[in-house]
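> 3D model of this:
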Amino acid sequence: GVKMRARGVKMLAWDVKMRARGVKARLAVVLDRPKGGGVHLDEHPEGLRFAAAASWHAQGEGLKSVSSYQVEVERTLDTMGLCGHRELLCAGYSIDIGLTARGVALEVDGPSHFLVNLPTAIGGPTQMKHRHLEAMGWKVLSVPYLEWDRLSGIGEQRVYIQQQLDAIGCGAVSETNAQG
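Below is the predicted model of the structure:
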């Protein structure tokens, strides 16, 4: 009865989680290959890309909750006239805020993205995600929570975002947009 259904749900959840890990492992093999070697992701769009997308949807990440910290970053972008796409799906990864017109994957990296004993060092899974997004052509802009927390008010937040965009070669927010 109920116990058997609960066990079946747990097994299904475990199976989805394991398949998701397998897809990410295959992506790592493809995207972390040495330059000029290995398989190119574009050569297998039906394979890896669709498997990654199916895995992502199966995990239910499309319904992912968003932190108040991420909402604050989104509001700052809005005041700068930058339209971002929340939780944008890309080959099995969820980009926190995709600035698609600029090719920027903006990652709002909270405490769970950093090492517990060294809170300024980005953890391995987050490093791999950033590396894979860059390999797929995205310019990754990370907004670490410790840096964001030091900013006081929307003015400093806008300056910070603008400096980060400039640093990755995607600046030039017009004055008209920046005031809106």
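> hey, where'd the strands end up in the chain?
85-90, 93-99, 104-109, 139-144 (DSSP state E).
> hmm, who's touching the last one?
With contact meaning CB atoms under 8 Å, 6 or more residues apart in numbering, strand 139-144 is reached by 73, 102-109, 113-114, 120, 122, 130, 133-134, 160-161, 164-165, 168-170. Where you see a C-beta, it was placed from the backbone N, CA and C, and this is true even at glycine.
> which of the residues you listed fall within helices?
The helices, defined by DSSP state H, take in 73, 130, 133-134, 160-161, 164-165 from the contacts of strand 139-144.
> reformat those residues as TSV; add distance to residue 143, pLDDT and neighbour count.
Listed next are the ones in helices among the contacts of strand 139-144 as TSV, based on distance: CB to CB, whole Å; pLDDT from 0 to 100; neighbours: other CB atoms under 10 Å:
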residue	distance to residue 143	pLDDT	neighbour count
73	6	95	21
130	12	93	20
133	14	93	21
134	16	92	13
160	8	97	17
161	8	96	23
164	7	96	17
165	11	96	22
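> in stretch 93-112, what counts as buried?
Across stretch 93-112, burial judged by 16 or more other CB atoms under 10 Å covers 93-99, 102, 104-110.
> same question for stretch 117-133.
Quick answer for stretch 117-133 (16+ other CB under 10 Å): 122, 126, 128-130, 132-133.
> could you do stretch 74-84 as well?
Within stretch 74-84, judged by 16+ other CB under 10 Å, the buried ones are 74, 76-77, 79-80, 82, 84.
> and that stretch, what's its mean pLDDT?
Across stretch 74-84, the average pLDDT comes to 94.
> span of it from start to end?
By CA to CA, to the nearest Å, the extent of stretch 74-84 from end to end equals 7 Å.
> try stretch 117-127
Across stretch 117-127, first to last residue, CA to CA, it's 17 Å.
> can you list contacts of that stretch?
107, 109, 111-115, 130, 142, 144, 146.
> mean confidence score for that stretch?
Mean predicted confidence for stretch 117-127 is 88.
> residue 150: neighbouring residues, count only.
Applying other CB atoms under 10 Å, we find 10 residues neighbouring residue 150.
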